[in-house]
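Enquirer: kindly generate the corresponding structure for this input.
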Amino acid sequence: MTQTKKRGPKTRKRGASVHPLEPLSKVEVAAAVATVKADPRMTGTSRFVTVVLNEPAKEMVLDYTPGSAVEREALVILLDNASGQCVEALVSLTQSAVTSWRRLEGVQPAIMLDEFVECEEAVKRSPEFLEALRKRGVTDVDLVMVDPWSAGDYGVEPEEDRGKRLARALAWVRSDPTDNGYARPL
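Expert: Just a heads-up that it's a prediction; the model follows:
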């Protein structure tokens, strides 16, 4: 009987020869994060939303020959929870330096996985929500699933909501812990 060796995550070293469009390796992502964390503009309340390859110019891709050196850059999107400010940073992986830091105005990044967890926990602690569950005969809050969905930004929001990170918390209830979470909306 032959066994196949399980492949682990890519751990390519920084600076290793790769195609210009090769996605960032685990090592490159870690290096980009460390570089941004060391930048004095980074706040203790910022979250990393995205760390991806900043695709090079088309000419570089077309002129690429295998084995040639490639300038690798990471595009990093940050969200500062305290201020609601979104930042786009470019990180040169070749130079281990932040080469661009741009505040993005009037935009919000996608809802992140940890925000799903935080939203569900906050909703399940709300006395108003718990009362609404009781009125609907739901006694086991652990069977309730809450998802934050983007509320959108359409330019017609009330002044007090502008610039805030808003989501609609939609809720469902399972009949048991293994039930389809989306089968019974509340």
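Enquirer: not counting sequence-adjacent ones, nearest residue to V138?
Expert: V173 (5.4 Å; Cβ to Cβ, 6 or more residues apart in numbering). Bear in mind the C-beta positions are built from the backbone N, C-alpha and C, glycine included.
Enquirer: V70 now?
Expert: P20 (5.1 Å).
Enquirer: so who does that neighbour touch?
Expert: E55, P56, M60, V61, Y64, V70 (Cβ atoms under 8 Å, 6 or more residues apart in numbering).
Enquirer: that older thread, counting neighbours, what do you get for the residue nearest to V138?
Expert: 19 (other Cβ atoms under 10 Å).
Enquirer: likewise R174?
Expert: Other residues close to R174 by other Cβ under 10 Å number 17.
Enquirer: can you check L133 too?
Expert: There are 20 residues near L133, going by other Cβ under 10 Å.
Enquirer: quick one: contacts of whichever helix or strand it is part of?
Expert: Remark: L133 resides in helix 127-135, with elements defined by DSSP states H and E. Helix 127-135 is contacted from outside by V123, K124, T139, V141, V144, A171, L186, using Cβ under 8 Å, 6+ apart.
Enquirer: pull out the buried members of those.
Expert: V123, K124, V144, A171 (16 or more other Cβ atoms under 10 Å).
Enquirer: wait, the first one sits on D147?
Expert: No. With contacts defined as Cβ atoms under 8 Å, V123 does not count as touching D147, sitting 9.9 Å away.
Enquirer: common neighbours of the two, please.
Expert: With Cβ under 8 Å, 6+ apart, V123 and D147 have common neighbours A169, A171.
Enquirer: pull the contacting residues for the residue positioned nearest the centre of the chain.
Expert: Centroid-nearest residue in the chain: V49, 3.3 Å away (criterion: Cα atoms, centre = their mean). V49 makes contact with I77, L78, L79, C86, P109, A110, M112, according to Cβ under 8 Å, 6+ apart.
Enquirer: which residues in the protein form helices?
Expert: In the chain, the helices defined using DSSP state H lie at 26-37, 58-63, 113-125, 127-135.
Enquirer: so which of those is the most packed in?
Expert: helix 26-37 (a mean of 18; mean count of other Cβ atoms under 10 Å).
Enquirer: that one - contacts with which helices or strands?
Expert: strand 46-53, strand 73-80, strand 86-92, strand 97-104 (3 or more Cβ pairs under 8 Å, 6 or more residues apart in numbering; DSSP states H and E).
Enquirer: and the contacts of the second one?
Expert: With contact meaning Cβ under 8 Å, 6+ apart, strand 73-80 is reached by 24, 28-29, 32-33, 36, 42-43, 45-54, 56, 85-93, 99, 108-109, 112, 165.
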